[in-house]
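Visitor: Below: sequence and its predicted model.
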Amino acid sequence: MIHIPPSLHHRRFRLLWLGLLISIAGSQMQLWALFWQIRTLTDQPIALGAVGLARILPIIVFSLIGGAVADVLNRRRILFLTQTCMALAAFALGWLSLTGHITLWHIYVLTAVQALAQAFDGPARQSLVPNLVPAKDLPNAFSMTSLANQTGSILGPALSGLIIAAGGLQYVYIINAISFLAVILALILMGPVEQQIISTKNNRVVSFSAIAEGVRFTLKQPLILSTMIMDFFATFFASANTLMPIIAIDVLHVGAVAYGWLSAAQAIGAMITALIISQMHQIRRQGAVFLLAVVVFGFATIIFGASQSFLIAMLALIIVGAADTVSTIIRNTIRQLSTPDYIRGRMTSINQIFFQGGPQLGEVEAGLVAQLFGAPFAIISGGIGCILAAILIAWRWPQIRKYNGDEPAVTGTPAG
């Protein structure tokens, strides 16, 4: 019997979750529309890979600052600003497309603007979740957040494909701009949110020493560090989303609607998996399950890259999404429960570099390899690299293999 997940009993988290559900669908609509639009402007795979650079460079440069800001300033207020900025950038993409003035450089610059906002939005938003639910409901909250991500990732690409097929690609961006209002409204309705801000020399202001404290903390936590490195290499090698238009058009020979569903396939598997996990009270042997999920992720990527059939490609991507969701829920829970609230924003910002850097730089890598050897080879070799990375990290950090999931949450304050 399906029951209401524990995290949704908390009103403020429920509001944020509903807002994210709507906003993520809009963002996913935009992402896949961007890939399609770039493919219509040029047939060079490297042009698609360049989107990864536009999305990751601002995060690499500003993410650590964003994490320090999230530990010093009110996280809810930060989200007001970042969500508004991303909405305006999406509207600009829509306006330029509507007027017929859009170019590749417009796409790259506005994508970079959204990434800059994301550098501050990600640490604030992820660090806000533990302030909305008790520790015992945190794994469920991350499961529900993953479910919102994947539900939006199904609706977004599917709707994007339909709108593109109807000749209204420019309206995808405008709809995404409107969708950000859902999160902004949720933030208004939830009211003030308390957070732990410690008044020490490293926590009163945004400074190099405050950022360095977050880096030192992360490097001294083998569970956190190993999951971050795993996250980076798995997504770096096995990230080929930007090649999806090439696979759809040149390998599988399908149109915009089928492309939309192919783009949503990972999210279908992820949503089903997140729904199943949301009904579970606890996952045992989480470290072993995490490692196995990454290996399955790599194998399914190989199958997708080798596929000549639309149905097999869909099935492989569904498995990719399911495996990725299992690893995402476990690694997010490990990190948040292993980090005190006063430094959680900085830890999350470091994680954001790994989490965003892997797939975005992986898109650049995939574009370069596809340019030289073809899209299928880029995807297959990436899946192999993912599996090898999982084996090496499991050997280097045995702590992750032994992690069960019932270890106590970390609390505390800084020494100085």
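Guide: Right, received. Where do you want to start?

Visitor: C-alpha from now on. contacts and neighbour counts both.
Guide: Noted.

Visitor: From the chain's centroid, how far away is stretch 397-404?
Guide: 24 Å (CA atoms, centre = their mean, to the nearest Å).

Visitor: Next: stretch 167-178.
Guide: Counting by CA atoms, centre = their mean, stretch 167-178 comes out at 21 Å from the chain centroid.

Visitor: tell me the average confidence for that stretch?
Guide: For stretch 167-178, mean pLDDT rounds to 86.

Visitor: What helices and strands are in contact with the helix or strand where Phe355 lies?
Guide: Secondary structure from DSSP states H and E places Phe355 in helix 344-373. Applying 3 or more CA pairs under 8 Å, 6 or more residues apart in numbering; DSSP states H and E, one finds that helix 344-373 contacts helix 45-72, helix 104-128, helix 208-219, helix 222-238, helix 375-396.

Visitor: Indicate which one of these is closest to Val251.
Guide: The closest of the helices and strands packed on helix 344-373 to Val251 is helix 375-396. By CA to CA, the value is 8.5 Å.

Visitor: re the thing from before, output the helices and strands packed on helix 344-373 as JSON lines; include the columns distance to His3, mean neighbour count and mean pLDDT.
Guide: Listed next are the helices and strands packed on helix 344-373 as JSON lines, based on distance: least, CA to CA, whole Å; neighbours: other CA atoms under 10 Å; pLDDT from 0 to 100:
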{"stretch": "helix 45-72", "distance to His3": "34", "mean neighbour count": "25", "mean pLDDT": "80"}
{"stretch": "helix 104-128", "distance to His3": "25", "mean neighbour count": "22", "mean pLDDT": "89"}
{"stretch": "helix 208-219", "distance to His3": "36", "mean neighbour count": "17", "mean pLDDT": "80"}
{"stretch": "helix 222-238", "distance to His3": "30", "mean neighbour count": "24", "mean pLDDT": "80"}
{"stretch": "helix 375-396", "distance to His3": "35", "mean neighbour count": "20", "mean pLDDT": "87"}
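
Visitor: what's the angle from the helix holding Phe355 to helix 45-72?
Guide: 170 degrees (axes from the mean of the first three to the mean of the last three CA atoms, to 10 degrees).

Visitor: Now do helix 344-373: distance to the chain's middle.
Guide: The chain centre lies 10 Å from the centre of helix 344-373; the measure is CA atoms, centre = their mean.

Visitor: same check, this time on stretch 77-96
Guide: Its chain's average C-alpha position is 18 Å from that of stretch 77-96, according to CA atoms, centre = their mean.

Visitor: Run the angle between the helix holding Phe355 and helix 208-219 for me.
Guide: 70 degrees.

Visitor: State the mean pLDDT of helix 344-373.
Guide: On average, the pLDDT along helix 344-373 is 75.

Visitor: buried set for it?
Guide: 344-370 (16 or more other CA atoms under 10 Å).

Visitor: In JSON lines, list the helices and strands packed on helix 344-373 along with distance to Gln170.
Guide: Compiled in JSON lines, the helices and strands packed on helix 344-373 are given as follows (distance: least, CA to CA, whole Å):
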{"stretch": "helix 45-72", "distance to Gln170": "18"}
{"stretch": "helix 104-128", "distance to Gln170": "12"}
{"stretch": "helix 208-219", "distance to Gln170": "40"}
{"stretch": "helix 222-238", "distance to Gln170": "29"}
{"stretch": "helix 375-396", "distance to Gln170": "27"}
